[in-house]
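> based on what follows, work out the 3D shape:
(one chain, ligands or ions: 1)
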Amino acid sequence: MVFDEERRATLKSMYFPLTLQQAAASPGGNAENSYFWYFQRTTMEKYDVVIVGAGPAGLICAEHLAAAGMKVVVLEKKAVVGDKVCAGGLTEKDLEILPVPDELIEVRMRESLLVAPHVRMHTHHPKPVLFTVDRRALGAWQAGRVQQQGGEVRTAAAVTAIGDGHVVTAAGERLAYRWLVGADGATSLVRRHLGLPLEKRIFTLQYRIPWHDEPRFEIHMNGRYFHSWYGWIFPHRNELVAGVGGDPRYVSTGWMKKRFHRWLERTGLDITDARYESFPISYDYRGWDFGNLFLAGEAAGLASGLTGEGIYQALVSGKAVADKILGRRDTFPEIDRILRYNTIQHKFMGVLIKAGPLRNMILDGILLYLKMNGKMKKRVSKALT
Ligand SMILES: Cc1cc2nc3c(=O)[nH]c(=O)nc-3n(C[C@H](O)[C@H](O)[C@H](O)COP(=O)(O)OP(=O)(O)OC[C@H]3O[C@@H](n4cnc5c(N)ncnc54)[C@H](O)[C@@H]3O)c2cc1C
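Residues are numbered from 1 along each chain as shown. A predicted model of the protein is given here:
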């Protein structure tokens, strides 16, 4: 469906100019304020779709909407698109949705190392299983694609309030929308506006460690250091990203920090010149379609509470929201698949949480089983990538 002039004319008719009497009755009191308010309201920029947040979800959504002729703007609070705490790990399924160019891929890993308390599994995969990217480079590239399709991406444009049919930015601009998409991540304002609670979060800590040696892709599982979650080491061009995560309802952040540093010491990674980062991951899904308001990616709580993976879910849901707005379809089996997949992961996480002192035995047992069962190993590897 193409959103042409006729559609725009219909949209325009939705925004009647306000009278000065209405302006006088506005909050503020005196005539000067009223004029200011009147001026702001009548000069409100009008968009078919306003998207809050220029992460993978918001940008893919904008690209598809702009390509279909919609007038769309993405508002990003940061000065730079893609300035997001992330390990920057992609798998093949991400690349199937978003054809990230070769030059953006920093490292392609065929080697992986899984480490449980008493079992280690080193695998040489026939195809790369992990592709790492710099999130700023990915963001700049995605933003370029939006602009090529005629969409707008504004940085340093934090949305501070959501009114009836419009949003307000920190600079006081008002932008009217017909559809509003909350792609504003784990701390989503749009989600709060919808009154949705946020209870399930992963708290993460990671270091970006300068590294000029062989790339390392490692997943460490050990209840002693990570409770029911895991520690990761992802390779980038000139650094390794090593981090941990855990749900603060089950592990205190103090415990996590202490154990994380102990584990880093054990692995021999030197954090003297490393950059420390921390950010939550939301996995509290409560829906994504709320009439003319939508949530995509982590704003919708679509990340995995076990692995912390969220870019794939952001891309899938951002594209789904665009399709829904464009009236292209009403069923979204790919979202259902994500929800089913997350449910399985969360059930496994529940087992580990409840396992207490048996946790390490379970982790050793699983890894030993995978090591000895080639077929199952392939299936698990396929499911995860
Ligand atoms: C430490 C860590 C490591 C991770 N590693 C991986 C990984 O290797 N692979 C993977 O798949 N996932 C990973 N994730 C998860 C992944 O980063 C997110 O799930 C993914 O970025 C979600 O995309 P999104 O578009 O939904 O939101 P985001 O990427 O979070 O983008 C939201 C954007 O909205 C902006 N914003 C927020 N509020 C406002 C506002 N009021 N106004 C305007 N803009 C606003 C933010 O600045 C941000 O740019 C990791 C997460 C963390 C914390």
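> and the closest residue to residue 126 other than its chain neighbours, what does it touch?
Using C-beta to C-beta, 6 or more residues apart in numbering and skipping residues adjacent in sequence, the residue nearest residue 126 is residue 110, 7.7 Å away. Glycine gets a C-beta too; all of them are placed from N, C-alpha and C. Going by C-beta atoms under 8 Å, 6 or more residues apart in numbering, residue 110 touches 124, 125, 126, 127, 128, 129.
> give me the nearest residue to the residue of the stretch 101-250 of the chain found nearest the ligand, chain neighbours excluded.
Scanning the stretch 101-250 of the chain for the residue nearest the ligand gives residue 185, at 2.7 Å (criterion: C-beta to the nearest ligand atom). The shortest distance from residue 185 to any non-neighbouring residue, by C-beta to C-beta, 6+ apart, is to residue 298 (4.8 Å).
> my read: the one you found touches residue 310, true?
Yes: applying C-beta atoms under 8 Å, one finds residue 298 in contact with residue 310, separated by 5.4 Å.
> now for these two: what residues contact both?
residue 281.
> so the two - more neighbours on which side?
residue 298 (31 against 24; other C-beta atoms under 10 Å).
> so that one: helix, strand or coil?
Under the three-state scheme (DSSP: H, G, I helix; E, B strand; the rest coil), residue 298 adopts helix.
> same deal with residue 315?
Per three-state DSSP, residue 315 ends up helix.
> next one: residue 305
coil.
> does it touch residue 200 like I think?
Yes: using C-beta under 8 Å, residue 305 is in contact with residue 200, at 5.9 Å.
> which residues touch the helix or strand encompassing residue 224?
Here residue 224, judged by DSSP states H and E, is contained in helix 223-226. Defining contact as C-beta under 8 Å, 6+ apart, one finds that helix 223-226 is touched by 117, 220, 231, 244, 246, 259-260, 262-263, 352, 355, 359-360, 363.
> could you show which parts of this protein are in contact with the ligand?
For the chain, the residues in contact with the ligand (C-beta under 6 Å from any ligand atom) are 52-58, 75-78, 84-89, 158-159, 183-185, 189, 204, 206, 243, 279, 281, 297-299, 303, 308-312, 314.
> tell me the domain boundaries of the protein?
44-82+135-198+284-342, 89-133+199-282+351-384 (automatic domain parsing).
> which of these has the lowest average pLDDT?
Across those, domain 89-133+199-282+351-384 has the smallest mean pLDDT, namely a mean of 94.
> the helices in the chain, which residues?
Ranges of helices in the chain, per DSSP state H, are 5-13, 20-24, 31-42, 56-67, 92-97, 135-148, 189-193, 223-226, 253-267, 311-325, 333-355, 359-372, 374-384.
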